[in-house]
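**Q** this one's structure only:
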């Protein structure tokens with residue numbers, strides 16, 4: 001199992017919590033640099049998809065600094081909850097929510113994606129942005145999303161992927177193996193964190209492989225929308 005700190009004997013879940021606590025202060029800035037701010041456009045894509053579904057209760061899992069949860073909070077009459085394992089990331093998200101005066105529509109809670117503290121069939125919509133590859137048990141985490149989602153509710157996942165085109169994949173590999181470590185070495189307090197994030201992006205079962213996992217959990221009507229030449233992908237599925 002790929003973990004941030006391979007020499008540590010603690011679980012992946014505990015390491016992920018520690019890692020995001022450590023990099024919380026520079027996470028948004030490095031996200032902006034590494035994706036050339038494309039992540040904002042992809043998160044706006046999620047909002048566009050979500051608006052058409054007109055959800056009343058939405059859950060953003062692995063919410064981090066709450067970018068997606070805040071966007072969902074703009075949907076009229078939608079109550080949004082964001083959960084994350086890192087308290088430090090949540091604190092940054094709470095500050096954003098206060099600045100935007102969204103406390104009535106968006107709340108954040110510390111929580112574990114693989115053991116959600118919600119009843120069955122509770123949410124109309126679940127979103128997960130760059131979070132599923134950090135699950136300790138991918139199918140268990142997706143199974144929890146399936147459990148708390150209402151029948152015919154929607155799951156939207158944004159995650160890194162590796163381009164299928166061989167030439168683009170080669171260029172992508174060269175870029176990620178040079179640019180990302182360089183930026184992390186300059187700006188990040190935790191070099192191992194970004195090494196893990198890079199390796200986990202390359203090893204994640206994206207595309208048709210991830211679609212198959214979603215189907216095994218029980219999701220249906222799955223669509224795959226590659227972004228930035230396939231370097232990230234939005235998956236849409238229903239219960």
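**A** Perfect, I can see it now. Fair warning: this is a prediction, and the values are worked out from it, not measured in the lab.
**Q** Please count neighbours and contacts with C-alpha atoms only from this point.
**A** OK.
**Q** State which strand of the protein is the longest.
**A** The single longest strand within the chain, with elements called by DSSP state E, is strand 149-160.
**Q** Now do the helix or strand just after that strand: everything it contacts.
**A** Using DSSP states H and E, the helix or strand that follows strand 149-160 in sequence is helix 166-187. Contact partners of helix 166-187, identified using Cα atoms under 8 Å, 6 or more residues apart in numbering, comprise 26, 30, 33-34, 162-163, 190-191, 194-195, 198, 229, 231.
**Q** Buried residues of helix 166-187, list them for me.
**A** Residues of helix 166-187 classed as buried under the neighbour-count rule (16 or more other Cα atoms under 10 Å) are 169, 172, 176, 180-181, 184.
**Q** And for stretch 88-102?
**A** 88-94, 96-97, 102.
**Q** Give me the mean pLDDT for it.
**A** For stretch 88-102, the mean pLDDT works out to 97.
**Q** The longest strand of the chain - contacts with which helices or strands?
**A** Judged by 3 or more Cα pairs under 8 Å, 6 or more residues apart in numbering; DSSP states H and E, strand 149-160 is in contact with strand 123-129, strand 232-238.
**Q** which residues are contacting the first one?
**A** The contact list for strand 123-129, computed with Cα under 8 Å, 6+ apart, reads 43, 50, 55-63, 68, 145, 148-150, 153-159.
**Q** In this protein, what residue spans correspond to strands?
**A** 57-61, 79-84, 106-110, 123-129, 149-160, 220-227, 232-238.
**Q** now the angle from the third one to strand 57-61?
**A** Interaxial angle of strand 106-110 relative to strand 57-61 (axes from the mean of the first three to the mean of the last three Cα atoms, to 10 degrees): 40 degrees.
**Q** Right, I'll call it a day here.
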